[in-house]
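Trainee: From the sequence below, what's the structure:
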Amino acid sequence: MTTALSPRGKQGALLIAGILMIATTLRVTFTGAAPLLETIRSDYGLSTAQTGLLTTLPLLAFALVSPLAAGIARRFGMERSLFAAMLLICAGIALRSLPSAALLFAGTAIIGCGIALGNVLLPGLIKRDFSQHVARLTGAYSLTMGAAAALGSALVVPLALHGFGWRGALLMLMLFPLLAFLIWLPQWRTTRSANLSSSRALHERGIWRSPLAWQVTLFLGLNSLIYYVIIGWLPTILISHGYSEAQAGSLHGLLQLATAAPGLAIPLILPRFNDQRWIAALVSLLCAVGAAGLWFVPGQAIIWTLLFGFGSGATMILGLTFIGLRASSAHQAAALSGMAQSVGYLLAACGPPVMGKLHDASGSWYLPLSGVTILAIIMAIFGLYAGRDREIAS
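Mentor: Numbering: from 1, shown residues only. Model (predicted):
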C-alpha cells in the first residue's frame, strides 16, 4: 500500500532520526580510516599512491553506483534500498578489518557502494517527505554527520593504540550502520507514493547540455575533490610537519566538526537571499586560505583546519541546496542530483592518488596543497555562476 501523506508525529520523528543516523553512517565509515592510513601503509608496506587508493576506491564506487541508485529505488523502494546500503557498509567494514591487503581494498570498495546508494537516495527522501523543510533538514543532517565523523576520527587512534589495533578500531565503526539499521526498521514496510518514478524526466539527457547544470555540478564536484584530498591526507601532512599521530587524529576530528558547523548557520542565512553568488564565492575562498595556510604556516594548523572545514561544509550545503533551487521540477532535481554526484565523485576520485603522486615526485606537500588552493579559487568562480537566481530550462 502507498500513502501520499507526509510523515507526522512519532512516525515523522522516527523517520528524521533514521535519516540523521544514516547520514552519520555515510560520513563516519569513510573518513574514520584517514587517521590510521599511515599505520595501515606501514603494516602492509604500501606506497603513498597505493595508500591513496583507500581513499579513491569509495569515490570511484560513488561515481559508478550513483547513476544506478534511482533504478534500485524504483525496483525495491527507497526505504528498502537504504536498508541494503547499511548492510553493504557493514559487510565492507567486516572485510576491511580482516588481515588481508586484498580484503582491505575489497571491503573499502564495498563500503563505497553502500555509501553511494545512501548519498543519492537521502536527498530524494528528504525532498519527498519534507519538501517544505529541505534546507533545514539538509543543515541538520550535515551537522549531525560532521559531529559524528569528528568523534570517529578522534577515537580511532586511541582505540588503535590501546589494545584494539587499527583493524579493531575500524571494526568498531560498524556500530554506526548497525544502529542506523535498527532505527530504520519501522520504515521497512513503508512505500510512499512520491517515490522515485520511472519517468523519463528522471533520466533526462537535456540536463547534461545545460550550462547552469554544469556550473552547479562543477561547484559541487570541485568541493568534493578538494575535501577528499584534505580529509584523506591531512593526518599524513600534519605528521610530516612534526605533529604526533594522536595530535593529527585530533585535528582531523576538528576538521570534521568544522564541516558540520555551517549546518547551524547556512539554513538561516539562505532564505534571506534570492542570489547566493557572493556567499558561494566567500566560503570557497575560505577553503583556499585554509589549504595555503597548512603549507606556509603549519604551526597554526588548528586555524587552517577550522577555515577549510567551515568553508568546505558550507560549500557542500550550498551545492545541495542549489540542486533544489536551480531545478524547475522534482524530476529535474533528481536528474541534476544524479549528474552532480556522478561527475563530482569521479572528479573527487582523481584527487587523492594524483596528490599522492605529486607528493612522491616532489618529496613535499607543497605542490598538492598549492593544487588544492588553485582548485578552491576555481570553485569560487563556478559558485558565482551557480549562485545566480535562475532555473534550468524545462
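Trainee: for the closest residue to residue 31 other than its chain neighbours, what are its contacts?
Mentor: Of all residues beyond its chain neighbours, the one nearest residue 31 is residue 149 (5.0 Å), with distances taken as C-beta to C-beta, 6 or more residues apart in numbering. Placement of C-beta: from N, CA and C, glycine included. Residues counted as contacts of residue 149 (C-beta atoms under 8 Å, 6 or more residues apart in numbering) are 24, 27-28, 31-32, 253, 256, 259-260.
Trainee: Got phi/psi on residue 99?
Mentor: Comment: the main-chain dihedrals of residue 99 come out as phi -80, psi 70, following degrees, to the nearest 10.
Trainee: my guess is it meets residue 167, correct?
Mentor: Yes. Contact criterion C-beta atoms under 8 Å: residue 99 and residue 167 qualify, at 7.0 Å.
Trainee: circling back to that earlier point, out of the contacts of residue 149, who's the most crowded?
Mentor: With neighbours defined as other C-beta atoms under 10 Å, the most crowded of the contacts of residue 149 is residue 259; it has 30 neighbours.
Trainee: ok, that residue touching residue 317?
Mentor: No. Using C-beta under 8 Å, residue 259 makes no contact with residue 317, being 9.5 Å away.
Trainee: Show me whatever sits in contact with both of the two.
Mentor: Common contact partners of residue 259 and residue 317 (C-beta under 8 Å, 6+ apart): residue 142.
Trainee: pLDDT weak spots in the chain?
Mentor: Across the chain, the stretches falling below the confidence threshold (pLDDT under 70) are 1-9, 131, 189-205, 329-331, 334, 394.
Trainee: quick one: buried residues of the top helix by length along it?
Mentor: When every helix of the chain is counted residue by residue (DSSP state H), the longest turns out to be helix 330-362. Judged by neighbour count using 16 or more other C-beta atoms under 10 Å, the buried positions of helix 330-362 are 330-349, 351-359.
Trainee: ditto for stretch 92-104
Mentor: Neighbour-count burial for stretch 92-104, with 16+ other C-beta under 10 Å as criterion, is recorded at 92-93, 95-97, 103-104.
Trainee: Now the residue nearest to residue 275 when sequence neighbours are not counted: phi and psi?
Mentor: Excluding the flanking residues, the one nearest residue 275 by C-beta to C-beta, 6+ apart is residue 389, at 4.7 Å. With angles defined as degrees, to the nearest 10, residue 389 shows backbone torsions of phi -80, psi 80.
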